[in-house]
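Trainee: need the 3D shape of this:
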Amino acid sequence: MNDNNQVIDLWKQVYTGQIKEYSKFEATNQFQQIAGMCSPGDFYYYIINYHNLEIDYIHPNVMKILGIPPEEADIEKLVSILDQDELCLVRKKEEVVNDFFVNYLSSEDQLYYKVMYTYCFMHPVFGRKTMMVQGTPINITDNNSFQHAFIIHTDITYLGPLPTDRLSFVSLNGKKSYYNLPAEQGYFDPSLETKEENLMVNSLTKRETEIVRLIQKGLNAKEISNRLFISFNTTCTHRRNILKKTKCSNTAELISRCLLEGVI
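Mentor: Predicted coordinates:
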């Protein structure tokens, strides 16, 4: 297998061969509105057609973020930005995604979950960038295979270096979500999720959540103190307590978990 194509080959293997007929999906303004609501930074989105892995529509911001003109963007170019290590990790995550949607979920639930994970790449001008992916199928074929999917890529480099070895499956209709799963095993294992009692949303107080969201926006301890009208020492104490309570070794790990668990 050509290493540069390992993610694409996986998609061809698990999705493309299952779709008998080509059907182009027409994007609407609604997708841009949804993307804007879901994205904590600059973003682009696309509609992928799994019949042939062609992109039926891609947002013009792909030029701003990746340097790829939208009229030249295809799935090969989008994947080619990844280095070998990141490519292997993305393949592992996509194996978990396939196992979750195809083998774990019922056909009735497949349209009501989104996947979230992060990845990194080296931009030729701006250096290392961190992106957050959110994706959900738009429609399913009669044999329960993806036909089209809506994918948002958001630039979250401003949050600093973040771990990229985890992913989450978030329910869109109130059913159980699965947060912060490791990707390395390459298959979906619900026993590896972060347990509900350990989720950030359940462990952080309202004040602590405020502080996490301000950290995510890039504010330092002094700026957070001024924003919340509390002392500098109180802010530092809150930050130490947050890291201890969540068992995160640093703020990068904290922010990564909060993103994947929907706190921010």
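Trainee: next helix or strand past the lowest-mean-pLDDT helix or strand in the chain?
Mentor: One helix or strand of the chain scores below all others by mean pLDDT, DSSP states H and E: helix 29-38, with a mean of 62. The element immediately downstream of helix 29-38 (helix or strand, assigned by DSSP states H and E) is strand 43-49.
Trainee: so how far is that next one off the chain centroid?
Mentor: 13 Å (Cα atoms, centre = their mean, to the nearest Å).
Trainee: neighbouring strands - and their directions - for that strand?
Mentor: As defined by DSSP bridges, the strand partners of strand 43-49 come to strand 54-58 (antiparallel), strand 146-155 (antiparallel).
Trainee: now, of these, which is deepest in the fold?
Mentor: Highest mean neighbour count of those: strand 146-155, a mean of 22 (counted as mean count of other Cβ atoms under 10 Å). From N, CA and C alone the C-beta is placed, and that goes for glycine too.
Trainee: where does the prediction get shaky in this protein?
Mentor: Residue ranges of the chain with pLDDT under 70: 1-4, 16-40, 144, 196-198, 201.
Trainee: now the residue of it most remote from its centre, what are its backbone angles?
Mentor: Here the centre of the chain is the reference, and by Cα atoms, centre = their mean the most remote residue is S231, at 35.0 Å. Backbone geometry at S231, expressed as degrees, to the nearest 10, gives phi -70, psi 160.
Trainee: now swap in F188 and tell me
Mentor: Per degrees, to the nearest 10, the backbone of F188 is at phi -80, psi 120.
Trainee: now whichever strand or helix holds R257, how far from the chain's geometric center?
Mentor: Using DSSP H and E, R257 sits in helix 251-260. On the basis of Cα atoms, centre = their mean, helix 251-260 sits 12 Å off its chain's mean C-alpha point.
Trainee: show me where the stretch 151-264 of the chain has its helices.
Mentor: Here the stretch 151-264 of the chain has its helices, by DSSP state H, counting those that start in this stretch, at 200-203, 206-216, 221-228, 232-246, 251-260.
Trainee: the domain parsing of the protein - what is it?
Mentor: Structural domains assigned to the chain are 3-193, 198-260, following automatic domain parsing.
Trainee: what's stretch 111-119 in contact with?
Mentor: The contact list for stretch 111-119, computed with Cβ atoms under 8 Å, 6 or more residues apart in numbering, reads 82, 86, 89-90, 93, 97, 100-101, 105, 130-140, 156, 162-164, 166-173, 175, 183, 256, 259-260.
Trainee: now stretch 233-251: how far from the chain's centre is it?
Mentor: 25 Å.
Trainee: please apply the same query to stretch 96-112.
Mentor: With Cα atoms, centre = their mean as the basis, stretch 96-112 stands 17 Å off its chain's centre.
Trainee: now it: buried residues?
Mentor: Residues of stretch 96-112 classed as buried: V96, V97, N98, D99, F100, F101, V102, Y104, L105, Q110, L111 (neighbour count, 16 or more other Cβ atoms under 10 Å).
Trainee: just want the angle from the helix or strand hosting the second one to strand 146-155.
Mentor: Applying DSSP H and E as the criterion places V97 in helix 84-98. Between the direction of helix 84-98 and that of strand 146-155, the angle (axes from the mean of the first three to the mean of the last three Cα atoms, to 10 degrees) works out to 140 degrees.
Trainee: what's the angle from the helix or strand that comes right after helix 84-98 to helix 251-260?
Mentor: From helix 84-98 onward toward the C-terminus, using DSSP H and E, the following helix or strand is strand 113-123. In terms of direction (the same axes, to 10 degrees), strand 113-123 departs from helix 251-260 by 140 degrees.
Trainee: can you list the strands that the helix or strand following strand 113-123 pairs with?
Mentor: Once the chain leaves strand 113-123, the next helix or strand it forms, by DSSP H and E, is strand 127-140. Strand 127-140 has its sheet partners listed here by DSSP bridges as strand 113-123 (antiparallel), strand 146-155 (antiparallel).
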